[in-house]
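Student: curious how this folds, go ahead:
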Amino acid sequence: MKPTGPLPPEFAAQSGELMIAGASASSWAAAGTPVFVYDPAIVAARVARFRAAFPAVDLHYAIKANPLPAWLDALAPMVDGLDVASGGELEKALAVKPAGAISFAGPGKRDDELAAAIRAGATINLESEGEARRALDAAGRLGIVPRLAVRVNPDVELKGSGMKMGGRASPFGVDAERVPALVRSLRAAGADWRGFHIYAGSQALDAEAIVATQAATLALAERLAEETGWVPPVVNLGGGFGVPYFAGDRPVDVERIGSALTAAIGGSTLTPAGTRFAIELGRWLVAEAGIYLTRVVDVKDSRGERFAVCDGGLNHQLAASGNFGTVVRRNYPVAVAGRMGEAAAGSVSVVGPLCTPLDRLGDQVGLPPVAAGDLVAVFLAGAYGASASPAGFLGHPPAREVVG
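Tutor: Got it, this is the predicted structure:
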């Protein structure tokens, strides 16, 4: 048997059945499987924990983690801002939050996307000098003063992060040494310069690495402010807080990070000048608040290995199959939703209905006896699930998504 990640502690069982947002897994699945179920109460608890740990920092939600409109309806009142990465996400964000609380990052913004953001009054985090020229041109045609920030490709990277976004050649952001000249040109052109967006990496569990990266990011923002000659209205420090997907992972110590950042901001030269600080989080806020339920349609044995074949797979939950950003495939936490707490009866590979050997949600995991009709729960499905998966592959129907 191969190990799985730890089950999130927020989920309980009653009479052996998994409970999600106060109802049984079987009741959520009654209208059909596969289905994602999201519990906003878990997010509310995360937000409260963040507020206590980071009293001097605004909280933004990166909606790429989960852009379901009903989910955004629930989350938008909890956070100070929304970060988007496409025109489509911008439309969803504008439906639940005023434009002044929305920032738009990501390389390759089309001219129509830049114009839509400028027209709405959202902040554009510029990824290059070329994008800056196109944004200024669009603003000139519209006769609107654009709200423009500069995304900085920092000269540091987040150690231990699952996905590094800085400290190297990158399509993301403007190299730090070129930022002052760009800021001066934006101000000379009459733009409403909104500050810096500095993102070094994501999915980090090492609190000390995050503390060190945030300290370096803050120092970089101070240096850039001095070199440009203007105080940034906002410094978005990125995010990067990870969640424990796999065996051996431990939750990130956000209180340790918050304590260090609060002290650093208190001593920053930018604080008395009026700079506001923000952290954008996606995965840490929502990943553990979601569960993917898929029903077993067949159990078969082949050459000494048992397979539970389900009605959903990587077409809905690509990340759990190990095909979304991981190098070595490891198992997300999985369980038989109606047999919570029962001892494993043997090794089972949980696979989906697709004609590819990649369609494997659990590789030789220890589970209680599994039979056709059982519900399998895949945890940590609240982030990068349905929207990050190839839902159209092989023509299977999409998974339902419901908010508890």
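Student: which intervals of the stretch 101-250 of the chain have sub-threshold pLDDT?
Tutor: Within the stretch 101-250 of the chain, the ranges that satisfy pLDDT under 70 run 156-168.
Student: likewise the stretch 251-400 of the chain?
Tutor: Counting by pLDDT under 70, the stretch 251-400 of the chain has low-confidence residues at 327.
Student: mind listing the strands for it?
Tutor: For the stretch 251-400 of the chain, applying DSSP state E, counting those that start in this stretch gives strands covering 276-281, 290-302, 305-310, 334-336, 346-351, 360-367, 375-378, 400-403.
Student: adding mean neighbour count and distance to residue 59, write these out as CSV.
Tutor: Every residue, glycine included, has its C-beta placed from N, CA and C. Shown next, in CSV, are the strands of the stretch 251-400 of the chain (neighbours: other Cβ atoms under 10 Å; distance: least, Cβ to Cβ, whole Å):
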stretch, mean neighbour count, distance to residue 59
strand 276-281, 22, 6
strand 290-302, 19, 19
strand 305-310, 19, 36
strand 334-336, 25, 30
strand 346-351, 20, 35
strand 360-367, 22, 32
strand 375-378, 26, 27
strand 400-403, 18, 20
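Student: in JSON lines, list these along with distance to residue 209.
Tutor: Shown next, in JSON lines, are these (distance: least, Cβ to Cβ, whole Å):
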{"stretch": "strand 276-281", "distance to residue 209": "15"}
{"stretch": "strand 290-302", "distance to residue 209": "26"}
{"stretch": "strand 305-310", "distance to residue 209": "37"}
{"stretch": "strand 334-336", "distance to residue 209": "29"}
{"stretch": "strand 346-351", "distance to residue 209": "33"}
{"stretch": "strand 360-367", "distance to residue 209": "29"}
{"stretch": "strand 375-378", "distance to residue 209": "28"}
{"stretch": "strand 400-403", "distance to residue 209": "33"}
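Student: among those, which is nearest residue 71?
Tutor: strand 400-403 (5.8 Å; Cβ to Cβ).
Student: re the thing from before, out of the strands of the stretch 251-400 of the chain, flag the one nearest residue 116.
Tutor: strand 276-281 (20.4 Å).
Student: what lines up beside the strand or helix carrying residue 59 in the sheet?
Tutor: Assigned by DSSP states H and E, residue 59 falls within strand 58-62. Take DSSP bridges as the rule and strand 58-62 pairs in its sheet with strand 81-84 (parallel), strand 276-281 (parallel).
Student: mind putting these in JSON lines, distance to residue 183 included?
Tutor: JSON lines is the format used below for these (distance: least, Cβ to Cβ, whole Å):
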{"stretch": "strand 81-84", "distance to residue 183": "20"}
{"stretch": "strand 276-281", "distance to residue 183": "17"}
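Student: sheet-wise, list the partners of the helix or strand containing residue 197 with their directions.
Tutor: If you go by DSSP H and E, residue 197 is part of strand 192-198. Strand 192-198 sits in its sheet next to strand 147-153 (parallel), strand 234-236 (parallel), going by DSSP bridges.
Student: how distant is the first one from the center of its chain?
Tutor: Computed by Cα atoms, centre = their mean, to the nearest Å, the separation of strand 147-153 from the middle of its chain amounts to 20 Å.
Student: what does stretch 345-361 rub up against?
Tutor: For stretch 345-361, contacts defined as Cβ atoms under 8 Å, 6 or more residues apart in numbering pick out 1-2, 294, 297, 305-315, 317, 320-323, 329, 332, 334, 362-370, 376, 378, 393-394, 396.
Student: burial of the nearest residue to residue 80 once chain neighbours are set aside, as a residue count?
Tutor: The shortest distance from residue 80 to any residue other than its chain neighbours is 4.1 Å, reached at residue 58 (Cβ to Cβ, 6 or more residues apart in numbering). Other residues lying near residue 58 total 16 when counted by other Cβ atoms under 10 Å.
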